[in-house]
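**Q** Dropping the sequence and predicted coords here.
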Amino acid sequence: MTNTSSSPPAAGPLAGLKVVELGQLIAGPFAARTLADFGAEVIKIEPPGAGDPLRTWRLLKDGTSVWWQVQSRNKRSLALDLRQAEAQAVVRQLAAEADVLVENFRPGAMEGWGLGPDELLAANPALVMLRISGYGQTGPYRDRPGFGVVAEAMGGLRHLTGEPGRVPVRVGVSIGDTLASLHGVIGVLMAMQHRHATVSAEYPKGRGQVVDVALYEAVFNCMESLLPEYSAFGAVREAAGSALPGIAPTNAYRCADGGYAIVAGNGDSIFRRLMACIGRPELAADPSLAGNAGRVAQVEMLDAAIGEWTAARTVDEVLAALDAAQVPAGRIYTIADIAADPHYAARGMLQQVRMPDGNALAVPGFVPKLSLTPASHRRNAPALGADTDAVLKEIGLSAEQIAALHTRGIVG
């Protein structure tokens with residue numbers, strides 16, 4: 001079983017879209033998984049024998065990472081040794097019939113296999129080719145190996161994380177890879193829109209193109225006002241712990257039970273409600289604090305006032321009072337909090353899938369929510385090479401040809 005729900009899976013808005021996924025680990029596979037969740041048919045190509053290294057990353061169940069069940073759901077697995085000419089020919093044949101190809105190898109690798117955009121788009125002018133790499137397909141750094149954590153540092157994020165004067169800390173997940181993946185999906189969808197708009201006698205399926213996503217650029221694209229502030233004022237934003245520089249008050253405040261409450265009282269009317277809630281009406285009425293600039297100038301005093309109030313109450317008491325006052329606030333969730341949270345459940349974000357051993361496994365639900373064509377869990381993540389023979393048969397190889405490829409170790 002692929003889903004404990006009795007209702008049939010939705011087709012999804014991308015039903016009929018054929019995607020070939022090359023690459024491994026996070027950035028490329030996350031992009032392809034997002035397309036697969038919304039109905040695309042994704043053929044994941046991975047090396048025979050070991051497969052995608054993500055299969056053995058972090059915590060394993062029956063020898064396979066449980067992360068694999070998230071990253072590769074709704075995909076089919078074709079085990080193929082891309083170093084071999086016969087395997088490269090198979091990829092060219094798949095790409096000739098595909099709508100999208102996703103890869104996240106180091107720039108130049110695909111060209112070295114005869115699978116670069118010049119070759120693939122010549123055979124299939126409608127192909128959209130998503131290329132995710134550390135530094136992009138051009139520029140002086142293009143040949144450097146790039147990982148998400150390095151991209152996060154180069155993109156400006158790592159400098160801002162942590163406490164002032166201490167070692168910058170990494171975000172606890174591979175956020176650089178994920179941001180690149182999401183930018184890649186956006187690029188694919190825009191390229192598909194362009195393809196639809198360019199259908200002609202010369203291009204009966206429209207014109208495809210290359211979508212070039214660099215990990216560091218995806219991070220940098222989310223860095224808000226860093227560059228214009230530096231350009232206009234020479235200002236270099238520094239790490240500020242749990243606060244957000246230039247916006248006040250917003251911070252994490254310690255409570256009586258040792259936990260923290262995140263309080264965002266930085267809107268003008270919200271600030272007044274917050275001050276009334278914590279018993280400081282004189283601050284709510286102070287004209288010097290009526291706007292954000294004035295509050296930023298006195299942020300230490302405001303943080304102290306809020307912190308004094310939270311320190312006398314538990315997290316639950318703080319959140320109940322602020323919720324009643326319509327002040328945005330929340331607790332810092334662990335995954336145990338998430339798994340028990342009724343709002344997560346009500347929004348369908350805690351999905352249950354049935355594993356081969358019959359046990360259920362909780363996996364994240366789908367984002368975004370589409371009212372007419374929602375995403376769905378159509379199949380579990382595949383075993384390595386589970387679909388090799390079926391895919392090869394679909395592109396016209398005979399049983400004898402498939403057997404010969406197995407014999408020579410080209411497929412698995």
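**A** Done, it's in. Everything quoted here is computed from the prediction, not taken from an experiment. Residues are numbered from 1 along each chain as shown.

**Q** Can you classify Arg131 as helix, strand or coil?
**A** The assignment at Arg131 comes out as strand when based on DSSP: H, G, I helix; E, B strand; the rest coil.

**Q** quick check: domain ranges of the protein?
**A** 18-222+351-408, 250-331 (the TED database).

**Q** Would you mind finding the most buried of the ones you listed?
**A** When the domains of the chain are scored by mean count of other C-beta atoms under 10 Å, the highest mean neighbour count falls to domain 18-222+351-408 (a mean of 18). Any C-beta I mention is one placed from the backbone N, CA and C, and that applies to glycine too.

**Q** can you list the domains of the chain in TSV and add distance to Val236?
**A** Below are the domains of the chain laid out as TSV (distance: least, C-beta to C-beta, whole Å):
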stretch	distance to Val236
domain 18-222+351-408	8
domain 250-331	17
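
**Q** Now distance to Leu244 and mean pLDDT too, for the ones you listed, in a markdown table please.
**A** Shown next, in a markdown table, are the domains of the chain (distance: least, C-beta to C-beta, whole Å; pLDDT from 0 to 100):
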| stretch | distance to Leu244 | mean pLDDT |
| --- | --- | --- |
| domain 18-222+351-408 | 10 | 96 |
| domain 250-331 | 5 | 97 |
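
**Q** Looking at those domains, spot the one closest to Ile338.
**A** domain 18-222+351-408 (9.3 Å; C-beta to C-beta).

**Q** coming back round to it: nearest to Tyr230 among the domains of the chain would be which one?
**A** Comparing the domains of the chain by C-beta to C-beta, domain 18-222+351-408 comes nearest, at 10.1 Å.

**Q** still on that earlier bit, do you know which of the domains of the chain lies nearest Glu229?
**A** The minimum distance between Glu229 and the domains of the chain falls on domain 18-222+351-408, with 11.6 Å, by C-beta to C-beta.

**Q** Distance from the chain centre to the closest one, please.
**A** 12 Å (C-alpha atoms, centre = their mean, to the nearest Å).

**Q** What's the end-to-end length of that domain?
**A** 28 Å (C-alpha to C-alpha, to the nearest Å).

**Q** quick one: the helices in the stretch 151-300 of the chain?
**A** Here the stretch 151-300 of the chain has its helices, by DSSP state H, counting those that start in this stretch, at 175-197, 215-220, 226-233, 268-277, 281-285, 292-297, 299-311.

**Q** okay, those in TSV with distance to Gly365 next?
**A** Listed next are the helices of the stretch 151-300 of the chain as TSV, based on distance: least, C-beta to C-beta, whole Å:
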stretch	distance to Gly365
helix 175-197	16
helix 215-220	23
helix 226-233	33
helix 268-277	30
helix 281-285	40
helix 292-297	36
helix 299-311	32
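
**Q** tell me, what residue is most central in this structure?
**A** Thr178 (3.1 Å; C-alpha atoms, centre = their mean).

**Q** excluding its backbone neighbours, what's nearest Leu22?
**A** Computed as C-beta to C-beta, 6 or more residues apart in numbering, the closest residue to Leu22 that is not its neighbour in sequence is Glu103, at 4.2 Å.

**Q** so what's the one you found up against?
**A** Contact partners of Glu103, counting by C-beta atoms under 8 Å, 6 or more residues apart in numbering, are 21-23, 28, 110, 129-132.

**Q** again, only this time at 7 Å
**A** Taking C-beta atoms under 7 Å, 6 or more residues apart in numbering, we find Glu103 in contact with 22-23, 28, 110, 131.

**Q** about what we covered before: so which of the domains of the chain comes closest to His343?
**A** Among the domains of the chain, the nearest to His343 by C-beta to C-beta is domain 250-331 (10.9 Å).

**Q** how about stretch 131-146 as CSV, C-alpha atoms only?
**A** Extracted C-alpha coordinates of stretch 131-146, given in CSV (Å, rounded to 0.1, in the frame of the first residue of the first chain):
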residue,chain,number,x,y,z
ARG,A,131,20.3,22.3,-13.9
ILE,A,132,21.1,22.9,-10.2
SER,A,133,24.7,23.3,-9.1
GLY,A,134,26.6,25.1,-6.4
TYR,A,135,27.7,28.1,-8.4
GLY,A,136,25.7,27.9,-11.7
GLN,A,137,26.7,26.9,-15.2
THR,A,138,28.8,30.0,-15.8
GLY,A,139,31.2,32.3,-14.0
PRO,A,140,34.7,31.8,-12.4
TYR,A,141,33.5,29.4,-9.7
ARG,A,142,31.4,27.1,-11.9
ASP,A,143,33.8,24.2,-11.6
ARG,A,144,34.1,24.2,-7.8
PRO,A,145,32.3,21.5,-5.9
GLY,A,146,29.2,23.1,-4.3
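
**Q** Can you pull out the residues in contact with it?
**A** 27-28, 31, 103-104, 106-108, 147, 150-151, 180, 184, 210-217.

**Q** change it to 8 Å
**A** The contact list for stretch 131-146, computed with C-beta under 8 Å, 6+ apart, reads 23, 27-28, 31, 102-108, 110, 147, 150-151, 180-181, 184, 210-217.
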